[in-house]
Every structure is written in C-alpha cells, then in structure tokens.
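Peer 1: 3D, please:
(2 chains)
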Amino acid sequence: MSIKVINDKCTGCTLCVKVCPFAAIEMSSKKAVIDLDKCTLCGACVDSCKFDAIELKRDSGKTPNLEEYKGIWVFGEQKKGVIQSISYELLGKAQELAKKLKTEVCCVVLGHNIKNNLQELIHRGANKVYVVDSPELENFLDEPYTNVLVNLLRKHRPEIFLCGATFMGRSLISRVAVKLHTGLTADCTGLDIDEKEKFLLQTRPAFGGNIMATILSKNHRPQMATVRHKVFKEAEIDTSRKGEVIVEEVPKTLLASRTKILDIVEEVTSTINIAEANIIVSGGRGMKSPENFEIIEELAKVLGGAVGSSRAAVDAGWMPYSHQVGQTGKTVCPKIYIACGISGQIQHLVGMQSADIIIAINQDSSAPIFTVANYGIVGDLFKVVPLLTAKFKKALNK
Amino acid sequence: MNIIVCIKQVPDTTQVRIDPETNTLIREGVESIINPFDTYAIEEGVRLKEKFGGKTVVLTMGPPQAEAALREAISMGCDEAYLVSDRAFAGSDTLATGYTLAKAIQKIKNFDIILCGKQASDGDTAQVGPGIATQLDIPQVTYVKKIEEADEKSAQVERMTEEGFEIVKTSLPCLFTVVKEINEPRIPSLKGRMKAKKAEIVSWKAIDLDIDEARLGLTGSPTWVSKIFTPPPRPRGEVFEGEPEDVATKLVEALKDRLNS
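Peer 2: Model (predicted):
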C-alpha cells in the first residue's frame, strides 16, 4: 500500500485537507502534503480530489491493519425523526454477535433535529450512538448519506456494519461498500461469528430461495450485511441501560447532493406495509373479483395484519402492485401467512416460503400451495374466510 | 439522449431444482432468460429513445452465451449491444462486477442515463446498479417507477418507498434502477427479431478495457462463498377437510395460542 500526492496535478484547493478524518494532510507551498504517520490509507482524500492528484495503490485491494477494526455498528434508519423498527431488530442481533466478539455495539443515526430521540437506541442495547445532525440529512439522499457514513466508518473503523434491507438501506449501503472497497452481503437470514477466526458468517438465500449460501469477507473491513424486516427479533427495552450519545461534525462538502427530493407522497392505504407485517392475508386468482377482497381485508383487520396479493390478482387490476408478494413483487417473512385462493406457483412461493406458519385455503387439494402449508383447508374460501373472521374475533375478544 | 441499459442473463429460477442426493443445483434443462427486472429497464430505455431521440445501448457481462440476451434486447428496440466476457471475470462478486461494468461504460462513453433492473432474480442483491453509479461517480435513484421529465441536464422521476413514493429531481448523467411498475415490456416485432439476428455484437475482453486486473473476478471480490446448502424442507402440514364451520373451528384452535402470545 502506498499513497502520494502528484504535485503537478495538485492545485492547492485544500479539499483533501477538509475531508481527511485523521487530520493527516497539511498544505505546504500551496501543495497537499500527507503525513504518513497519521495516514491510514483510507482513501477519503482520493475520493475528494477533483484533479486526480492523489494516488493510492492497494495490494490486491485488501484492507490494511485488519486487527485495528473493532466493534459492531448498526445503521439507525430514521424517517421523520422516528427510528424504524428494523434498527431495533438489528440491535438485538448485534448484541448477540458483540458478546461472542467481546466488543461493543454502536448505532449511527443521520438526520435533522433528532438529537433528543436517541435514548431508546441505548435502552435497546447500543453502547454508543453516533449522530450527525444537519438540515441536508433530514430526508434520505444517496450521496450525502453515503459520504457521511463513509467518513464515520473510516474514522471509527468497526469490524462489522449492519443495515436494514429497506428501500433506503439497500440503496445507501451498496454505495458505501464500494467507496470503502469492502464486501457486502444482501438480505442475510442468518448472522453468526466463526468461533476460531472471528469472521462474520453471513447466510442468505439464493436462486429464489432454492439454496442457502454462507458468505465471508475475510480480508476486508468492515464486514457489511443487510437484513430484511422481521428476520430477527427486536431488542428488548431496558431503561436501566446506560450509553453515550456522540454528536459528530462532518465537513460541509460531504453534504452536497446531485439529487433532490421535490415531494414525498404517502399513498393512503388502510393496510400495513406488507414487508413489515407480522401477519399477512393474501388473495389470488381464486378471489374472482376486486370486490371480494373485502373479506380478505376484514380477516386481516381482525388479525391486525396486512393484505397481500398474488401476481395474478395484481395483473388483473384487482390489487395495487405494492401489495404483490412473489418474485417480481415483495419478499415477505411474516409470522403467519394466510393464502386464500392462491394456487402457489413457484414465483409466489419464493416470495413467502420463509414465513413461520403458512395457511392455505383452496378448493383444489392438489394445488402446490399445500406443499408449503403448515395448515391447509380444502374448501370454498367464500364460506371459510368469513367464518374465520368471526371465530378469530371471538377468540381474540375483539 | 443516450441511454445504456445493463442486463444480466440468469437461469430461470422458477425452474431451478436441487438434486436431493448431491445437494447441488440441477442446471441441466434450465433455460437462460433475461433477468425479469431487466426487461423493464430495456423497455424504458427504448421508450426514452423513442421520445427524446438518441440511441439505446445494451450491455452485459457474462459468458459467451449471454449474447442471446443481448440479441433479445435488440429485438425489443435497442440499437447497439456490448458483451463483456473473459475468464478473468469468473467469480466476480458485486464489487468486481460493478467495477468491470463501469469500465465498459467508460469505454462506450457518451451516456445521459444508465438503466438497470432493481435486482437480479438469481442473486437478488440489488447492489450492482448502485455499484456502477458509485464507480462512475454519478448520482443514482433506485426503485424508479416513473420517469416523468428529462432534458439534457436533468430528469424528474418517482422513486418507490415503503410508504408510497418520492418525487426526485436529479442532474444527468444518472443511474436509475427500475421496478416492474414502470412499464409493460413489449413483445418483439418480426422486424425486430430479424434485426436482432443480423446485429453485430461488440465483444470486449479484460484486455480491451482500461482495467486493474487485481480488481477483477475472484481476486477482486471481497466476499467469498464458504458454504452452500439446501434449506431444510418444510414439514408436511396438516390438512383440514369437511364442513366450513368445522374446518374454520379447527384452524382457529390451532392458531389461537400463537395469536395471543
């Protein structure tokens, strides 16, 4: 590994001085000079230089000084200042991993006016909460969020960084991993620590859930992974836990964005987002008409669940695409999934077969949905579903 | 307006089965298709060109047979096709793949918009699109469900989120990953198929790109697959048959405790 300033190209603009997390660059005779004792070869200056005046050579890309990377970081995803449940789920897992590594758990939150909202992260197990608070970070934007996270990760060097596999997380973390030149594993369903080597074992489904793969990042840090909603249990709240909130300042140049949000539109739906739902009641071609989805909605309401749909029902225009479960829709992982009038094409099964309990209601006893169902009802859903609604209502005292 | 669409040829995952004795994927007889999400990117690329003029180029990295996917894209209306194929790329993870595709894009040059499907159906990572944008140092908007306006300098799009969508304005060039909702891919016309048959596919090897070999393939990939296994099969469930009243009662009984916990 080596780094140098190409003096002919350096214009003395001082951008690199501002972005260096280690204060390792100074100006001398209007040229940047890198103090190699302070420099960690993190590459922040290389990214910032608009004139390609800093050259960093990596040895086959390995992260140098692996053993200096310590601690587990969790991305604290916030929307409108509210920490999203996925972050609490990650904190639960992070504590388990931290115990095995005998290290600490930190959470990082980016946003605006969020400083007073962070005690719950400590109560849920974060030893430290790093916060960057700035108007530019109020809503998620790929570039400033990436730049700020990369800056903090380079400075604090955690060995593991976990993030939700959400619309925000998947977009953001892919950029962060490339900038840090490290490995990233998407949609892990299992995370563990290798007892001997202390690597993060990242297990995920591939080929539509037909196989599972365990993935390692041996020579790169941080080891990064995303996890979907509801894969791990939320960390318990313990108000006696103590921790530290650390407010970080970053250079303004990191907050620039070439994209801008003009408006945020929340589509009004009576139902819960299916990716986050604990219980999903889904309807398929067997529902026969859009009006019939009412009985599905009623059952979902009694169970406190969300309404899902097969592709057939979406293509027929009975349900909006945002409700579609399956290969070209959403992959869901609820505690209970009730499939009504869904035959169970493999495209649908790959989107829901990791549910804890699957219930199939279908007239055709040979429908493939029954091969994955824990409980099956062979019968007329138009009779069975309303009866279920009534009986659950009674059983749950609603 | 010049558009580059990045696609991937994938095994049709709905056909993939596991050999129960060897615990490996049975690949024989499994068709190769264009990643379903990429067909929406191709369609959008062709529509943008039809609306604003310019050309739509399709690019893939893969084995030589991935040429078939490029020809299909041409039959749908793409103008030029590039195949990046070399044994040196084998074993690439998303970081190495994003790097290689970014290098190919730098060689193609002159692009305003890069389009990708939101993820590939075999790996499901959704990492390569943002990876390309980062390597090229251009902005990105992921999960785009509508491209509303575009001119030489900027575009306005709708980005899907958990709660609904955001209206995002971006400077160009920019990379978009698109979702199914954005359009309905066309069926290739007979004329399109004829054109695809005759089309010249530009093929590049590693040596043709201005590329750092240490960042390619297995060597350039930080992630390693250490173990592959089949998920345990779901136990055979209980099936209730009979009068609706009875079966509904049985199911509620079976689930009651779980719901109350």
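Peer 1: Strands of the stretch 1-150 of chain B, residue ranges please.
Peer 2: Along the stretch 1-150 of chain B, counting by DSSP state E, counting those that start in this stretch, strands occupy B:2-7, B:9-11, B:17-19, B:24-26, B:32-34, B:55-61, B:80-84, B:113-117, B:140-150.
Peer 1: which residues of the stretch 151-261 of chain B fall in strands?
Peer 2: In the stretch 151-261 of chain B, the strands defined using DSSP E, counting those that start in this stretch lie at B:154-160, B:164-171, B:174-178, B:201-204, B:223-229, B:238-241.
Peer 1: quick one: buried residues of the fifth one?
Peer 2: Of all the residues in strand B:223-229, those buried under the rule 16 or more other Cβ atoms under 10 Å in any protein chain shown are B:223-224. In this view, the C-beta of every residue, glycine as well, is placed from N, C-alpha and C.
Peer 1: by contact count, what packs against that strand?
Peer 2: The criterion is 3 or more Cβ pairs under 8 Å, 6 or more residues apart in numbering or on different chains; DSSP states H and E, and the helices and strands that strand B:223-229 contacts are strand A:211-217.
Peer 1: so what strands line up beside the strand it packs on?
Peer 2: Here strand A:211-217 has these sheet partners by DSSP bridges: strand A:200-206 (antiparallel), strand B:223-229 (antiparallel).
Peer 1: will you turn these into a markdown table that also has distance to A:K330 and mean pLDDT?
Peer 2: Listed next are the strands paired with strand A:211-217 as a markdown table, based on distance: least, Cβ to Cβ, whole Å; pLDDT from 0 to 100:
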| stretch | distance to A:K330 | mean pLDDT |
| --- | --- | --- |
| strand A:200-206 | 15 | 90 |
| strand B:223-229 | 25 | 83 |
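Peer 1: Make JSON lines from these and add distance to B:L59 to it.
Peer 2: Output for those, formatted as JSON lines (distance: least, Cβ to Cβ, whole Å):
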{"stretch": "strand A:200-206", "distance to B:L59": "24"}
{"stretch": "strand B:223-229", "distance to B:L59": "23"}
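Peer 1: and of these, who's closest to A:M319?
Peer 2: Nearest of those to A:M319, taken as Cβ to Cβ: strand A:200-206 at 25.4 Å.
Peer 1: Which residues does that closest one contact?
Peer 2: A:97, A:159-160, A:185-194, A:211-217, A:223, A:225, A:354, B:122-124, B:226, B:231 (Cβ atoms under 8 Å, 6 or more residues apart in numbering or on different chains).
Peer 1: For whichever residue of the stretch 151-261 of chain B sits closest to chain A, give its distance to B:L95.
Peer 2: The nearest approach of the stretch 151-261 of chain B to chain A comes at B:P222, 3.3 Å away (Cβ to the nearest Cβ). Distance of B:P222 to B:L95, given as Cβ to Cβ, to the nearest Å: 6 Å.
Peer 1: Next, show the common contact partners of the two.
Peer 2: Common neighbours of B:P222 and B:L95, using Cβ under 8 Å, 6+ apart, are A:181-183.
Peer 1: Close to chain A: what parts of the stretch 51-200 of chain B are there?
Peer 2: For the stretch 51-200 of chain B, the residues in contact with chain A (Cβ under 8 Å from any Cβ of the partner chain) are B:93-95, B:98, B:121-127, B:129-131, B:133-135, B:138-143, B:156, B:159-171, B:174, B:180-181.
Peer 1: ChimeraX command to pick out the buried ones of these?
Peer 2: Buried residues among those (16+ other Cβ under 10 Å), as a ChimeraX selection:
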select /B:93,94,95,98,121,122,123,124,125,126,127,129,130,131,133,134,135,138,139,140,141,142,143,156,159,160,161,162,163,165,166,167,168,169,170,174,180,181
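Peer 1: if we can go back for a sec, quick one: buried ones out of the contacts of strand A:200-206?
Peer 2: Of the members of those, the ones counted as buried by neighbours, 16+ other Cβ under 10 Å, are A:97, A:159-160, A:185-189, A:191-193, A:211-217, A:223, A:225, A:354, B:122-124.
Peer 1: Not counting sequence-adjacent ones, nearest residue to the residue of the stretch 151-261 of chain B closest to chain A?
Peer 2: Spatially, and ignoring its direct neighbours in sequence, B:P222 is nearest to A:G183 (3.3 Å; Cβ to Cβ, 6 or more residues apart in numbering or on different chains).
Peer 1: now swap in B:L83 and tell me
Peer 2: That would be B:S203: by Cβ to Cβ, 6+ apart, it lies 4.7 Å from B:L83.
Peer 1: For that neighbour, the count of nearby residues, please.
Peer 2: Residues near B:S203, counting by other Cβ atoms under 10 Å in any protein chain shown, number 15.
Peer 1: least reliable of the strands of the stretch 151-261 of chain B going by mean pLDDT?
Peer 2: Out of the strands of the stretch 151-261 of chain B, strand B:223-229 stands lowest, with a mean of 83 (criterion: mean pLDDT).
Peer 1: residues in contact with it?
Peer 2: With Cβ under 8 Å, 6+ apart, strand B:223-229 has contacts from A:183-185, A:201, A:211-218, B:23, B:93-95.
Peer 1: Over to stretch A:333-341?
Peer 2: Residues from elsewhere that reach stretch A:333-341 (Cβ under 8 Å, 6+ apart): A:228-231, A:277-288, A:296, A:299, A:303, A:305, A:308, A:310, A:352, A:354-363, A:369, A:373, A:381, A:385, B:255, B:258-259.
Peer 1: end-to-end on that stretch?
Peer 2: End-to-end distance for stretch A:333-341: 20 Å, by Cα to Cα, to the nearest Å.
Peer 1: Can you show me the helices along the stretch 151-300 of chain A?
Peer 2: For the stretch 151-300 of chain A, the helices defined by DSSP state H, counting those that start in this stretch cover A:167-180, A:293-303.
Peer 1: residues from the stretch 101-250 of chain A in reach of chain B?
Peer 2: By Cβ under 8 Å from any Cβ, the residues of the stretch 101-250 of chain A that approach chain B are A:139, A:142-143, A:146, A:166-168, A:170-171, A:174-175, A:177-179, A:181-187, A:201, A:205-220.
Peer 1: which among the residues you listed end up buried?
Peer 2: Listed as buried from those are A:139, A:142-143, A:146, A:166-168, A:170-171, A:174-175, A:177-179, A:181-187, A:201, A:205-217, A:220; burial here means 16+ other Cβ under 10 Å.
Peer 1: shaky segments in the chain?
Peer 2: No chain specified, so I'll use chain A. Low-confidence segments of chain A (pLDDT under 70): A:1, A:58-61, A:208, A:268-272, A:398.
Peer 1: switch to chain B, that's the one I care about
Peer 2: Chain B contains residues with pLDDT under 70 at B:14-28, B:260-261.
Peer 1: Contact partners for the residue nearest to B:P222?
Peer 2: Taking Cβ under 8 Å, 6+ apart as the contact definition, A:G183 lies against A:177, A:215, A:217, A:220, A:223-224, B:93, B:95, B:221-223.
Peer 1: State the phi and psi torsions of it.
Peer 2: phi -80, psi 150 (degrees, to the nearest 10).
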